[in-house]
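Asker: mind looking at a prediction? Sequence and model below.
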Amino acid sequence: QKADEREAENGRDQHRGAGPAECGFQAPSLRVRARIGWHAGYSALTSPPPPTETQAGTAIAEQAVSIAADVGDPAIHGRTLRNAGAAYEALGARRKAREHYEQALTLFRTVGDVVNEAATLGSLGSVYAGLGEHQKALEYFAQALSRFREQDKGADVYATLSNIGSAHLAFGETQKALGYYEESLKLSRAAADRFAQGRTLGGIATLYHSLGERQKALDYNREAIELQRALGDTVSESTTLSNMGSVYQSLGERELARDYYSRALRSFEAAGNRLNIGAALVNIGSVYADLLDWPRALEYYERGLVHLRAVEYRRGEAAALSSIAAVHNQRGETQKGLEHLTRALELFRADGIRKDEATTLSNIGWAYEKLGETEKALDHYRQSLKLSREVGDRVNEAATLSNAARIVRDRGELREALALSGEAVGIIESLRT
């Protein structure tokens with residue numbers, strides 16, 4: 001199967017409650033898992049050691065930055081900035097991490113510290129990946145990889161290869177991703193680095209999940225988690241638990257999915273990582289949504305939203321808002337749903353996430369249609385169509401064409417309705433071949 005066809009099938013599974021002629025609200029809970037759940041997980045580089053994952057760790061790191069700035073030694077100042085960035089990244093505060101890493105990178109380049117320059121390039125790649133800016137992540141990872149190879153930093157080379165694989169996977173470039181993962185796995189096995197092997201196996205598991213090969217995904221996840229437990233790598237183990245929850249959810253095994261997500265949540269709470277806590281809560285909410293338990297789904301979505309806002313992860317916040325909107329729409333509270341969607345749209349636009357912007361525009365159109373404001377609905381459908389075509393999101397394009405056709409049909413414009421419906425059917429048929 002092609003990736004777009006699989007996405008179309010997943011989308012159809014999520015459109016419960018919409019009649020056969022109505023595409024309706026676009027699968028926000030599924031998109032949450034894709035956006036703020038855990039896929040491959042970006043590997044940490046080997047230097048410097050990770051700081052304490054607590055708010056106290058960031059306070060101490062900031063104090064060190066202040067002292068180093070007063071000393072006036074750019075090399076020391078750069079290292080303290082990098083450590084502070086790592087502390088913020090560990091807590092999920094990626095924008096603060098990026099700010100510190102960028103300052104550190106400038107200082108390392110000023111003093112010619114190529115070792116810390118390379119490590120900081122890799123850290124910036126991971127931060128941009130976490131923010132959903134995968135093209136920038138690739139650029140930083142490529143620079144880091146070149147420098148690590150020049151310095152013969154084997155562990156950092158295969159960690160970065162795995163990270164490049166994850167970035168390509170985010171773009172849906174599965175063959176490229178698999179090539180990088182396999183190269184990374186070969187090198188880490190040669191070095192007997194089981195920690196790195198576990199993380200890369202998790203990336204390969206995610207890749208097979210994205211291809212719909214769920215049994216392979218589970219097999220690779222189990223191999224990864226066995227290594228992670230043997231090594232006491234609780235951070236990676238938590239990520240793998242969540243990935244397994246996602247696979248089981250896609251298999252319709254909702255109780256198992258909730259169990260895995262809950263186990264991951266407990267680990268993230270113990271580590272104090274608010275971004276991952278927020279994502280785990282939203283993922284649990286999506287299981288309750290699958291079970292049509294709207295009160296519990298809403299409870300978990302709102303709890304997750306609090307954490308995602310606290311770390312200023314706008315993409316995750318927008319995805320959570322979309323899920324909350326879906327619950328309100330299911331309960332007939334369309335105006336409330338529209339308010340949450342409008343805020344989500346602002347956040348997706350602010351972060352330049354055009355594919356999700358297109359989906360949200362279509363969802364807003366659907367809400368206006370339900371409210372009887374068909375002109376506003378049609379305007380949002382047209383905006384969504386334009387953007388969907390620009391980013392190549394054929395699944396959303398087909399759903400939006402179908403919704404627009406319904407409005408013009410009800411207006412009596414049958415020729416235009418037929419043309420729009422025919423275009424939607426053509427896209428769906430092309431995804432099946």
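Answerer: Sure thing, it's come through.
Asker: what bits of the stretch 151-300 of the chain have low per-residue confidence?
Answerer: For the stretch 151-300 of the chain, not a single residue meets the criterion pLDDT under 70.
Asker: can you give me the helices for it?
Answerer: Here the stretch 151-300 of the chain has its helices, by DSSP state H, counting those that start in this stretch, at 154-170, 174-190, 194-210, 214-231, 234-250, 254-271, 274-290, 294-310.
Asker: tabulate the CA atom coordinates of the fifth one in PDB.
Answerer: C-alpha atoms of helix 234-250 as PDB (Å, rounded to 0.1, in the frame of the first residue of the first chain):
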ATOM      1  CA  THR A 234      14.200   4.600  31.300                       C
ATOM      2  CA  VAL A 235      13.800   7.600  29.000                       C
ATOM      3  CA  SER A 236      14.000   5.500  25.800                       C
ATOM      4  CA  GLU A 237      11.900   2.800  27.400                       C
ATOM      5  CA  SER A 238       9.100   5.300  28.000                       C
ATOM      6  CA  THR A 239       9.300   6.400  24.400                       C
ATOM      7  CA  THR A 240       9.000   2.800  23.200                       C
ATOM      8  CA  LEU A 241       6.100   2.100  25.600                       C
ATOM      9  CA  SER A 242       4.200   5.000  24.000                       C
ATOM     10  CA  ASN A 243       5.100   3.800  20.500                       C
ATOM     11  CA  MET A 244       3.700   0.400  21.300                       C
ATOM     12  CA  GLY A 245       0.600   2.000  22.600                       C
ATOM     13  CA  SER A 246       0.200   3.800  19.300                       C
ATOM     14  CA  VAL A 247       0.600   0.500  17.400                       C
ATOM     15  CA  TYR A 248      -2.000  -1.300  19.500                       C
ATOM     16  CA  GLN A 249      -4.400   1.600  19.100                       C
ATOM     17  CA  SER A 250      -4.100   1.400  15.300                       C
END
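Asker: between that helix and helix 214-231, how big is the angle?
Answerer: 160 degrees (axes from the mean of the first three to the mean of the last three Cα atoms, to 10 degrees).
Asker: who does helix 234-250 touch, helix- and strand-wise?
Answerer: Contact here means 3 or more Cβ pairs under 8 Å, 6 or more residues apart in numbering; DSSP states H and E; on that basis helix 234-250 packs against helix 194-210, helix 214-231, helix 254-271, helix 274-290. Where you see a C-beta, it was placed from the backbone N, CA and C, and this is true even at glycine.
Asker: buried residues, that helix. List them.
Answerer: By neighbour count on 16 or more other Cβ atoms under 10 Å, the buried set for helix 234-250 is 235-250.
Asker: re the thing from before, need the helices and strands packed on helix 234-250 in TSV with mean neighbour count and distance to Gly85, can you?
Answerer: Formatted as TSV, those follow (neighbours: other Cβ atoms under 10 Å; distance: least, Cβ to Cβ, whole Å):
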stretch	mean neighbour count	distance to Gly85
helix 194-210	25	20
helix 214-231	18	25
helix 254-271	19	18
helix 274-290	26	15
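Asker: quick one: which of these is nearest Val395?
Answerer: Closest to Val395 of the helices and strands packed on helix 234-250, according to Cβ to Cβ: helix 194-210, at 14.3 Å.
Asker: helices or strands next to the closest one in the packing?
Answerer: When contacts are defined as 3+ Cβ pairs under 8 Å, 6+ apart, helix 194-210 sits against helix 154-170, helix 174-190, helix 214-231, helix 234-250.
Asker: CA atoms of that helix as PDB?
Answerer: Only the C-alpha atoms of helix 194-210 are listed here, as PDB (Å, rounded to 0.1, in the frame of the first residue of the first chain):
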ATOM      1  CA  ARG A 194      23.500  -1.300  23.000                       C
ATOM      2  CA  PHE A 195      22.100   2.000  24.200                       C
ATOM      3  CA  ALA A 196      22.300   3.400  20.600                       C
ATOM      4  CA  GLN A 197      21.000   0.100  19.200                       C
ATOM      5  CA  GLY A 198      17.800   0.400  21.300                       C
ATOM      6  CA  ARG A 199      17.000   3.900  20.100                       C
ATOM      7  CA  THR A 200      17.600   3.000  16.400                       C
ATOM      8  CA  LEU A 201      15.500  -0.100  16.700                       C
ATOM      9  CA  GLY A 202      12.700   2.100  18.000                       C
ATOM     10  CA  GLY A 203      13.100   4.300  14.900                       C
ATOM     11  CA  ILE A 204      12.800   1.300  12.600                       C
ATOM     12  CA  ALA A 205       9.700   0.200  14.500                       C
ATOM     13  CA  THR A 206       8.100   3.500  13.900                       C
ATOM     14  CA  LEU A 207       9.000   3.400  10.200                       C
ATOM     15  CA  TYR A 208       7.200   0.000   9.900                       C
ATOM     16  CA  HIS A 209       4.200   1.300  11.800                       C
ATOM     17  CA  SER A 210       4.000   4.200   9.300                       C
END
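Asker: quick one: it to helix 234-250, angle?
Answerer: Put simply, helix 194-210 runs at 20 degrees to helix 234-250, going by the same axes, to 10 degrees.
Asker: and stretch 294-309, how far out from the chain middle?
Answerer: Relative to its chain's centre, stretch 294-309 lies at 17 Å (Cα atoms, centre = their mean, to the nearest Å).
Asker: name the residues that touch it?
Answerer: The contact list for stretch 294-309 (Cβ atoms under 8 Å, 6 or more residues apart in numbering) reads 29, 36, 274-275, 277-282, 284-286, 288-289, 316-317, 320-321, 323-324, 327, 330-331.
Asker: one step back: farthest-separated two in the buried residues of helix 234-250?
Answerer: Between any two of the buried residues of helix 234-250 (Cβ to Cβ), the greatest distance is 23.8 Å, for Val235 and Ser250.
Asker: helix or strand for the nearest residue to Val114 once chain neighbours are set aside, which one?
Answerer: Distances taken as Cβ to Cβ, 6 or more residues apart in numbering place Arg147 nearest to Val114, at 6.3 Å, with adjacent residues excluded. Assigned by DSSP states H and E, Arg147 belongs to helix 134-150.
Asker: report the mean confidence score over that helix.
Answerer: Throughout helix 134-150, pLDDT has a mean value of 94.
Asker: those helices in the stretch 301-433 of the chain, which residues are they?
Answerer: Along the stretch 301-433 of the chain, counting by DSSP H, counting those that start in this stretch, helices occupy 314-330, 334-350, 354-370, 374-391, 394-410, 414-432.
Asker: mind checking how far the residue lying closest to Gln228 once chain neighbours are set aside is from Arg214?
Answerer: Distances taken as Cβ to Cβ, 6+ apart place Glu237 nearest to Gln228, at 4.1 Å, with adjacent residues excluded. Taking Cβ to Cβ, to the nearest Å as the measure, Glu237 falls 20 Å from Arg214.
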